[in-house]
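A.B. asks: what follows is a predicted structure for the sequence shown.
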Amino acid sequence: MTVKRMAGAVLATALLCTGAVACGGSDDDKKANGTGSGETQSRSQVTEVITAAYEKTAKAKSAKVEMTMTAPKSMGGGSGDMKMSGVMGWDPTVMDMTMSGSALTDGDPEAPEKIRMLWLDNVMYMDMGAVAAKDMDGKQWVKMDLNTIAEQVGDEKAAKQLTGGLDSMNQDPAQQLAMLLDSPNLKHAGPAKVDGVQTQRYKGRLSVKEMMESNKGLDEMLGKSEREELLKSIEKSGIKGYDTEVWVNEDDYPVRMDIDIKSPEGTMKTSQKFTEYGAAAKVTPPPAGKTFDLMDMFKELEGLGKPDADSGV
């Protein structure tokens, strides 16, 4: 059960860290925010605003974040609701976030209701709680170093894809704005208020192909044939595209980004709210004496599967 909890938590965290792209709110949200009123901007004005937002966000390199994600039950593992809050930095990736929600606890009564996740120097640390510590020599922090895992693979190409995937997991708001600029139907949707802050709302849609072409991180991970294979696989799953929506304040910072990814199983929704751009994102890893390395677990499991030389088994 401990292995199940850790694996589920790592996968859920990876999904949330990737952030994908952003989506539109419900019709009720749009009415409440006053969407549709005011002067509509031209395409050149929209591009100018989103470009300015991208430049300021990239320069800020950090912010406080509140994120929610909802996945349909029909999607199976990792479905349900997930919330994350804390500080996130980009270029380089740094995070100190707390996760909670039914996506962590459904199907496992012993799973912790909250998990704190730290990210520093391409290493993820997860506080699995006191219950899990009983099965990990009293250590409640789990360490997952994908660079080390890539080295253990022994395949240069596979290692490059794995570490490249780690780098591209940090879909920070600046990268999301850069991808949004590539949307052929990007448009201004009118003024709106987010938590009392006056903003301008913009939305666009990227097909799977357009998203992959905009995500430059894939260039380092996949060759042409592999990209084509991935594209076919995603399209075969029924995902048509990514609906993106962003609210930009008067200081040219995005204060909210949403994501809708529609598939035959339902719609995965992600919403991120950003405050205090430039907030200190300093992360200190937990003490080594309180940390359980996931690689050590893999080695132990591998050892359990080897024949016993003395017994002949």
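C.D. replies: Done, it's in.
A.B. asks: point out where this protein drops to low pLDDT.
C.D. replies: 1-39, 73-79, 107-110, 131-133, 146, 149-171, 215-223, 227, 297-313 (pLDDT under 70).
A.B. asks: my read is that residue 212 contacts residue 232, right?
C.D. replies: No: look at residue 212 against residue 232 with Cβ atoms under 8 Å: they stay out of range, at 11.2 Å. Just so you know, the C-beta spots here come from the backbone N, C-alpha and C atoms, and that holds for glycine as well.
A.B. asks: more neighbours: which of those two?
C.D. replies: residue 212 (17 against 11; other Cβ atoms under 10 Å).
A.B. asks: wait, a strand at the more buried one?
C.D. replies: No: counting by DSSP: H, G, I helix; E, B strand; the rest coil, residue 212 is not part of a strand but helix.
A.B. asks: element containing the closest residue to residue 139 other than its chain neighbours, please.
C.D. replies: Leaving out its chain neighbours, the residue that sits closest to residue 139 by Cβ to Cβ, 6 or more residues apart in numbering is residue 292, at 4.3 Å. For residue 292, the host element (DSSP states H and E) is strand 291-293.
A.B. asks: and if you look at residue 259?
C.D. replies: Per DSSP H and E: residue 259 is located in strand 254-263.
A.B. asks: could you give me the buried positions within stretch 101-115?
C.D. replies: Residues of stretch 101-115 classed as buried by neighbour count (16 or more other Cβ atoms under 10 Å): 101-106, 111-112, 115.
A.B. asks: distance between the ends of that stretch?
C.D. replies: From its first residue to its last, stretch 101-115 covers 10 Å (Cα to Cα, to the nearest Å).
A.B. asks: how about stretch 182-197?
C.D. replies: So stretch 182-197: terminal residues 27 Å apart, Cα to Cα.
A.B. asks: quick one: contacts of that stretch?
C.D. replies: 30, 33-38, 40-41, 43, 45-47, 49-50, 180, 198-206, 210, 213-214, 244-245, 247, 249, 255-256, 273 (Cβ atoms under 8 Å, 6 or more residues apart in numbering).
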